[in-house]
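Asker: Next come a sequence and a model predicted from it.
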Amino acid sequence: MQSGPATFASDYLELRTTTFGGRSFFAIWDIKPGTRIHSSEAPFAHVVYKDYRREVCAQCFAYSASDHIPPIVGASRTWNVKWSREGAATAWFCNETCKEVWQRDEASSLLIEVDAILTKSRMTTRKKFKSPQEEVNFKAVLPSFEAGDKTTNQAVIDQAWATAEALVASKANLALYCSTLHLEDMEFEIARLIASAIVHRYSDDRIDRSEPSQAIPRKPWSQFLDLQKNELRSVQTRPYMLSAYLRTYVFLCNALPRHFQPYVNTVREVLARDTGNSFGIWDGDRRDEMMGWGIWVSASYFNHSCTPSVQKVRQGRVLHLETTREIQAGEELCISYIETDLPVAERRRELEESWFFTCRCYRCEKDSSPQ
Ligand SMILES: C[S@@+](CC[C@H](N)C(=O)[O-])C[C@H]1O[C@@H](n2cnc3c(N)ncnc32)[C@H](O)[C@@H]1O
């Protein structure tokens, strides 16, 4: 049995190593349905898509259009409590209390300043190529990978990162490369997600040196690094994402202010764990719209089952995990990563393509075994 980090301690569950799916939570006792067995306090890293920023409360992620079905035509979908400061992006809140809670955390305003810096930097890295040859030269600087590329083993991935690291080591080459770097929308959202992890690391380091009583408890970086890495499997499934990751890394190295530069190793470490460990930030339980995503570290230890016994309930920033049926002591406690009302072949395909593993849950094993 592998014991989990101390802060994951719960009256109901313990972390053990399974024979088929890494670590997983198991029930210590019999548990009644509807029991809240774990709460993951806040995401270590998160991003709300830029397009949703005015409609999603920056503190509790409440969606302004959630209560209107169908949406009221002409009604404002934007929250009207705002926070703004020169040199920072604007943050929107569902009420004054959320704004106050948000303001108490130094990382919040740092993050929104970084957001403004990244947005500005993205604008200035959109220059046109002066000639077709300049475009050819630009494309040759970083390796690029296409869908279906079969060459992406670990050595190729490491070499690709080494090329990107060599580029950022030269300030002049970095600036030149970035002058025409057109970051795609999704790459920019990934950059914003990573920036949130960098800000949390930076801010944690500052809090550690200050008055302990003022420290806001966080999931530290070392706990994040303990999460399962999925770099190889995810890049082999979607090789083109490696090109996107390298561009995002280079963009961040160019855009981030100097005091965040010591944290640039965060980029690859977060990317290696983001796939396979993150949760969507959804518009309530109906899951009509995904407004962003985040990594709630302790909740990432729940394995998947196509007959789950646990459901996620997000309340503000907190992700609660609650049992949906009677559980016996010693049972594995699983959530579901996908829609389970599908035939086994489709369930397994979705988990392989989007979560990069072959499901070995009891139901899949039973459904796929010869009768
Ligand atoms: C979010 S993590 C869950 C925690 C993970 N087991 C660990 O040790 O960190 C998801 C990973 O757990 C494993 N996993 C989860 N559910 C599984 C299942 N039903 N069958 C096989 N592997 C599973 C896969 O390796 C998957 O990539």
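Answerer: Yes, it's here.
Asker: Sketch out the low-pLDDT regions of this structure for me.
Answerer: Residue ranges of the chain with pLDDT under 70: 1-9, 67-76, 208-219, 285-287, 371.
Asker: How about the residues of it by the ligand?
Answerer: Within the chain, the positions lying close to the ligand (Cβ under 6 Å from any ligand atom) are 20-24, 227-228, 230, 276-277, 300-301, 303-305, 355-357, 359-361. The C-beta positions use only the backbone N, C-alpha and C, and glycine is treated the same way.
Asker: Out of the residues you listed, which end up buried?
Answerer: Buried members of the residues of the chain next to the ligand, scored by 16 or more other Cβ atoms under 10 Å, are 21, 23-24, 227, 230, 276-277, 300-301, 303-305, 355-357, 359-361.
Asker: Can you show me the helices along this structure?
Answerer: Per DSSP state H, the chain carries helices over the ranges 96-104, 106-124, 132-141, 154-169, 171-179, 185-209, 221-225, 231-237, 240-255, 266-274, 344-355, 362-368.
Asker: In this structure residue 278 contacts residue 295, no?
Answerer: Yes - if you go by Cβ atoms under 8 Å, residue 278 and residue 295 touch, sitting 4.9 Å apart.
Asker: Between the two, point out the one with more neighbours.
Answerer: A count of neighbours by other Cβ atoms under 10 Å puts residue 295 above the other of residue 278 and residue 295, at 23 against 20.
Asker: Run through the residues that contact that one.
Answerer: 43, 44, 45, 46, 224, 227, 270, 273, 274, 277, 278, 279 (Cβ atoms under 8 Å, 6 or more residues apart in numbering).
Asker: how about 10 Å then?
Answerer: Going by Cβ atoms under 10 Å, 6 or more residues apart in numbering, residue 295 touches 40, 43-46, 193, 196-197, 219, 224, 227, 270, 273-274, 277-279.
Asker: So in terms of bridging, what pairs with it?
Answerer: residue 45 (DSSP bridges).
Asker: Report the set of residues contacting both of residue 278 and residue 295.
Answerer: Overlap of the contact sets of residue 278 and residue 295 (by Cβ under 10 Å, 6+ apart) consists of 43, 45, 46, 193, 270.
Asker: Make CSV out of the residues you listed and add distance to residue 90 and neighbour count.
Answerer: Formatted as CSV, the shared contacts of residue 278 and residue 295 follow (distance: Cβ to Cβ, whole Å; neighbours: other Cβ atoms under 10 Å):
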residue, distance to residue 90, neighbour count
43, 21, 26
45, 21, 26
46, 18, 22
193, 19, 23
270, 25, 25
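Asker: Would you mind measuring from the spatially most central residue of the chain to residue 200?
Answerer: In the chain, the residue lying closest to the centroid (Cα atoms, centre = their mean) is residue 294, at 3.7 Å. Using Cβ to Cβ, to the nearest Å, residue 294 is found at 11 Å from residue 200.
Asker: now residue 334
Answerer: Separation of residue 334 from residue 200 (Cβ to Cβ) stands at 28 Å.
Asker: out of the two, which sits in the more crowded spot?
Answerer: Neighbours per residue (other Cβ under 10 Å) separate residue 334 from residue 200, with residue 200 holding more: 26 against 20.
Asker: Residue 222 versus the more buried one, what's the distance?
Answerer: Distance from residue 200 to residue 222, by Cβ to Cβ: 13 Å.
Asker: got it, and residue 320?
Answerer: Applying Cβ to Cβ, the value for residue 320 to residue 222 is 24 Å.
Asker: What is the neighbour count of the nearest residue to residue 80 once chain neighbours are set aside?
Answerer: Excluding its sequence neighbours, the residue lying closest to residue 80 (Cβ to Cβ, 6 or more residues apart in numbering) is residue 92, at 7.9 Å. Residue 92 is flanked by 23 other residues according to other Cβ under 10 Å.
Asker: before we move on, what about residue 60?
Answerer: Neighbour count of residue 60, defined by other Cβ under 10 Å: 18.
Asker: got a list of what it touches?
Answerer: By Cβ under 10 Å, 6+ apart, the contact set of residue 60 is 93, 94, 95, 97, 98, 101, 102, 314, 315, 316, 317, 318.
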